[in-house]
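Q: Requesting a structural model of the entry that follows:
(chains A and B)
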Amino acid sequence: MKCGVLQFPGSCDEVDALQAAERVGEAELIWHGDRDLRGADAIVVPGGFSYGDYLRAGAIARFAPAMESVIEFAREGGLVLGICNGFQVLCEARLLPGALLVNANRRFTFRQLDLEVLNAETSFTGACSAGDRLSIPAKHAWGRYYADEPTLAAMRERGQIVLRYAPGENFNGSLHDIAGVCNEAGNVFGLMPHPEHAIDELTGGSTDGLRIFESMRLAVEGARA
Amino acid sequence: MRARVLIRPKQGILDPQGVAVERALPALGFAGVGNVHVGRLVELDVQDASQLQPMCEKLLANPLVEDFEVELLG
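A: Numbers count the residues shown, from 1 in each chain, chains lettered A, B, ... in the order given. Predicted structure coming up:
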């Protein structure tokens, strides 16, 4: 699998995302002004504060030239993973339903937390089983997932609610403890916690984050076979 | 033409900034305060006022979670 990792002015987690993707395949950075995704099999939109998060997190990054190509890539069925700010960018681009709002506690919060896998049948969780717990850090101020109730009901029905915060872990006030969602087609996925920071016991508290990248590799190679 | 765009969180969506202000005011002795919401104000010069609506929908506001109101200041 060849993974393209976007880099915006203000991104800060693109190198960790690159290293995580390199654990399961090849990876390279793609500058926000570049429309060429260089034959990537999958795209990661990383965390950080793209374009200073001015106006709303992800609102401006969503119009970057590289994002225009990513929107096209996603419409053709390409795998796109958005982490934290990347999740916000994908929601702003309407590749994912809903929006991320300021944390209910109003604070930038960092913590290692447990996530529960609700749907293990996606291209991003295929290396997990439903009910698995993943220990992954989260660090953000704008992570409260919101969508209106009819949208949430339809998402639940279709298995688009992929990850949720384990009981007691939902510090940001996300509706229904939602931590990660996919689009209807299942090829675009976003989550607020950071799997790319949990690939090494020494620095990440666990290696559970690798399972997301491993799942993507399995999906890409499965589609090729 | 000068225009003013007022952007507010949609009703029914938790507005933690509004809640914080609502709690702070009574602590300063201002009684009888309720239903506080904090939004955003964008003022801009535009040549074509008909562009304001699409500008708001595309960039200035997120219609999923925010309401907006355009005022022309002349």
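Q: show me what contacts residue A:110?
A: A:137, A:138, A:139 (C-beta atoms under 8 Å, 6 or more residues apart in numbering or on different chains). Using the backbone N, CA and C atoms, a C-beta is placed for each residue, glycine as well.
Q: What about the residues you listed, which are in strands?
A: Applying DSSP state E to the contacts of residue A:110, the entries found in strands are A:137, A:138, A:139.
Q: CSV for those residues, including neighbour count, pLDDT and distance to residue B:2?
A: Below are the ones in strands among the contacts of residue A:110 laid out as CSV (neighbours: other C-beta atoms under 10 Å in any protein chain shown; pLDDT from 0 to 100; distance: C-beta to C-beta, whole Å):
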residue, neighbour count, pLDDT, distance to residue B:2
A:137, 19, 97, 46
A:138, 22, 97, 42
A:139, 17, 97, 40
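Q: filter those residues down to the ones near chain B?
A: Subset of the ones in strands among the contacts of residue A:110 in contact with chain B: empty, counting by C-beta under 8 Å from any C-beta of the partner chain.
Q: Nearest to residue A:160 among the residues you listed?
A: residue A:138 (20.0 Å; C-beta to C-beta).
Q: For the closest one, give me its contacts.
A: Contacts of residue A:138 by C-beta under 8 Å, 6+ apart are A:84, A:109, A:110, A:111, A:113, A:171, A:172, A:179, A:192, A:193, A:194.
Q: And the pLDDT for residue B:74?
A: If you check residue B:74, the pLDDT there is 81.
Q: Let me see the contact set for it.
A: Here residue B:74 is in contact with B:1, B:2 (C-beta under 8 Å, 6+ apart).
Q: Next: residue A:41.
A: Residue A:41 neighbours (C-beta under 8 Å, 6+ apart): A:1, A:2, A:3, A:25, A:78, A:79, A:220.
Q: I'd like to know how many residues surround the fifth one.
A: Read it as residue A:78. When neighbours are counted by other C-beta atoms under 10 Å in any protein chain shown, residue A:78 registers 19.
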